[in-house]
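Chemist: Let me see the structure of the following:
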Amino acid sequence: MSDQLTAAPSLDDLFGPNRDKVMRLLREDVQRELAAQRAAGHTTYYCGTMGDEAGKLFMHTPDDRRFEYRVLEDGTHDIVRELPR
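Modeler: Residues are numbered from 1 along each chain as shown. Have a look, this model is predicted:
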């Protein structure tokens with residue numbers, strides 16, 4: 001057994017020419033699940049992954065309000081700003 005670490009395969013290696021289609025289908029699935037959770041009365045929390053939202057934390061309430069938030073050292077959260085609808 002080797003002690004060397006190997007890199008994880010890239011999305012291109014895994015999905016080849018279907019990469020964009022697979023990513024679109026995954027995004028659609030996640031959006032459907034988040035909408036179902038909000039419809040059931042739950043607030044959803046997620047981390048942005050693209051553009052200016054990358055790495056930022058967001059919450060989306062059942063009444064369709066969205067907020068950027070940050071987690072404080074004591075584990076509570078602080079609203080940074082409400083996002084436009």
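
Chemist: where along this protein do the strands fall?
Modeler: Ranges of strands in the chain, per DSSP state E, are 44-47, 57-60, 66-71, 77-83.

Chemist: Kindly list the single helix or strand of this protein that scores lowest on mean pLDDT.
Modeler: The helix or strand of the chain with the poorest confidence is helix 11-15; it has a mean of 81 (mean pLDDT, DSSP states H and E).

Chemist: Find out how far that helix is from the centre of the chain, if you would.
Modeler: Counting by C-alpha atoms, centre = their mean, to the nearest Å, helix 11-15 is centred 20 Å from the centre of its parent chain.

Chemist: what sits up against that helix?
Modeler: 19, 22-23 (C-beta atoms under 8 Å, 6 or more residues apart in numbering). Where C-beta positions appear, they are placed from N, C-alpha and C, glycine not excepted.

Chemist: Repeat the analysis, applying 6 Å as the threshold.
Modeler: Taking contacts as C-beta atoms under 6 Å, 6 or more residues apart in numbering, the residues outside helix 11-15 that touch it are 19, 22.

Chemist: now stretch 64-75
Modeler: 56-60, 77-83.

Chemist: how about residue 65, phi and psi?
Modeler: phi -100, psi 140 (degrees, to the nearest 10).

Chemist: What's the separation between it and residue 21?
Modeler: For residue 65, the distance to residue 21 equals 32 Å [C-beta to C-beta, to the nearest Å].

Chemist: Check residue 4 too.
Modeler: Applying C-beta to C-beta to residue 4 and residue 21 gives a distance of 33 Å.

Chemist: With neighbour numbers in mind, choose between these two.
Modeler: Remark: of residue 4 and residue 21, residue 21 carries more neighbours, 10 against 5, as counted by other C-beta atoms under 10 Å.

Chemist: Quick check, pLDDT for the more buried one.
Modeler: We have a pLDDT of 91 for residue 21.

Chemist: and for the helix ranked longest in the chain, what are the contacting residues?
Modeler: Counting by DSSP state H, the longest helix found in the chain is helix 19-39. If you take C-beta under 6 Å, 6+ apart as the criterion, helix 19-39 is touched by 11-12, 15, 44, 62.
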